[in-house]
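A.B. asks: Using only what follows, build the 3D model:
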Amino acid sequence: MKSAHLLLAALCVLLCATTVHGQDQKEKPRTQWFQQAKWGVFMHYMGDTVCKDPTVETWNQAVDSFDVEGLADQLASAGAGYFVLTLGQNSGFFCAPNAAYDGFVGITPSKCARRDLPADLAAALKKRGIRLMVYLPAGAPDRDKEAMQKLEWQNGKFPFWNYKDGKPRGEDSWLISFQKKWESVIADWSKRWGGNVSGWWFDGCYFPDAMYRHPDAPNFESFAAAARAGNPDSIVAFNPGVENPIITLTPAEDYTAGEINAPDKVKCDGPRVGTAQFQMLSYLGPNWCQKPPRFTTEQTVQYTRSITDKGGVVTWDVPPDGPTGKILPEFLTQLQAIGKALGTTK
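C.D. replies: The predicted structure follows:
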């Protein structure tokens, strides 16, 4: 009888341990590689950052000249674990084809590039053991009036949703229509790239209560599902804007968006904020996509280690050296110093 009790107790301990482990794995298994990577690089490669007054032709010329092998070599020399590429932003020019987007907006010729830059870049990075992540705003390009109209996007005009019998009222229906269209655009890209894209960073999620925090779709869960349509292991973050301390918006995200202007003032207490992996994103230049570096190399390493030593992740934005997309030497030197200090350089 005693041995039976001991066996039962042992089984309970094993079951509890398995359950806890299973819950932990079920909560955030996708971020394991991300934490192990420790740090990565972000680049605002967009129509209005590499072209002056972009047109369809000049944008395509720029994207065609992007040196994916050259950039991948630079990132490998620095020991970066991942790279975040902007798909596009407010100008309405995007760096990859998207049939869903073209179908909705009907702009011809398309402002989506002919070249699938993320696919080509992912292939170059993969050969060097580096992952690709992508950036996309949560709203339509607000300097493209035609796209705004066709996608039904009204930037900043967000009435609080009032529910009756669990359904939003008619005056808010444009929010639903836009988000369904935008999720279709996201899913189109996600299915195109599959496992070649490991994560998404969504900007401008400034109105979470009005747009996403609802029991029925579209909501945070459907938004995340669209990003994972082609890769169920993709990690997702929703950016609420600059917040210090760094916060998480929803259990539907895997890591914190972590947009920060002053990285020297950020405190990391551990690897998680709620259920999300702690991640800080800031810029090495005087502002996003600007030069020259604003910190000394020693400061850059110090700010990075203050977070990675606690299990957090750090992402640094650097400007592109023109349409080729390569990293300027003064920034590459700092990135290489980070990799050496953190032991991520191969």
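
A.B. asks: Pretty sure residue 110 sits against residue 103.
C.D. replies: No - the criterion here is C-beta atoms under 8 Å, and residue 110 misses it with residue 103 at 10.4 Å. For glycine as for every other residue, the C-beta is placed from the backbone atoms N, C-alpha and C.

A.B. asks: Between those two, point out the one with more neighbours.
C.D. replies: Each of residue 110 and residue 103 has its neighbours counted (other C-beta atoms under 10 Å); residue 110 has more, 18 against 13.

A.B. asks: any idea how far the more buried one lies from residue 70?
C.D. replies: As judged by C-beta to C-beta, to the nearest Å, residue 110 and residue 70 stand 27 Å apart.

A.B. asks: cool, residue 254 as well?
C.D. replies: Computed as C-beta to C-beta, the residue 254 to residue 70 distance reads 30 Å.

A.B. asks: These two - which one has more neighbours?
C.D. replies: Comparing residue 254 with residue 70 by neighbour count (other C-beta under 10 Å), the higher total belongs to residue 254, at 25 against 15.

A.B. asks: who's in contact with that one?
C.D. replies: Contact analysis of residue 254 by C-beta atoms under 8 Å, 6 or more residues apart in numbering lists 28, 30-31, 34, 199, 235-237, 276-277.

A.B. asks: State the mean pLDDT of the longest strand along the chain.
C.D. replies: Ranked by residue count under DSSP state E, the longest strand found in the chain is strand 131-137. Taken as a whole, strand 131-137 carries a mean pLDDT of 98.

A.B. asks: Sheet-wise, list the partners of it with their directions.
C.D. replies: Strand 131-137 has its sheet partners listed here by DSSP bridges as strand 82-86 (parallel), strand 199-203 (parallel).

A.B. asks: Heading C-terminal from it, find the next helix or strand.
C.D. replies: helix 145-151 (DSSP states H and E).

A.B. asks: Extract the residue ranges of this protein that are flagged as low pLDDT.
C.D. replies: 1-28, 157-172 (pLDDT under 70).

A.B. asks: how close does the residue nearest the centre of the chain get to residue 42?
C.D. replies: Closest residue to the average C-alpha location of the chain: residue 201 at 1.8 Å, with C-alpha atoms, centre = their mean. Per C-beta to C-beta, residue 201 is found 8 Å from residue 42.

A.B. asks: Mind listing the shared neighbours of the two?
C.D. replies: Common neighbours of residue 201 and residue 42, using C-beta under 8 Å, 6+ apart, are 84, 135, 281.

A.B. asks: Quickly list what the second one is bridged to.
C.D. replies: The residues paired with residue 135 through beta bridges, assigned by DSSP bridges, are residue 86, residue 201.

A.B. asks: is it true that it touches residue 86?
C.D. replies: Yes - Residue 135 is in contact with residue 86 according to C-beta under 8 Å; the separation is 4.4 Å.

A.B. asks: How far off centre is stretch 135-153?
C.D. replies: Distance, stretch centre to chain centre, for stretch 135-153: 18 Å (C-alpha atoms, centre = their mean, to the nearest Å).
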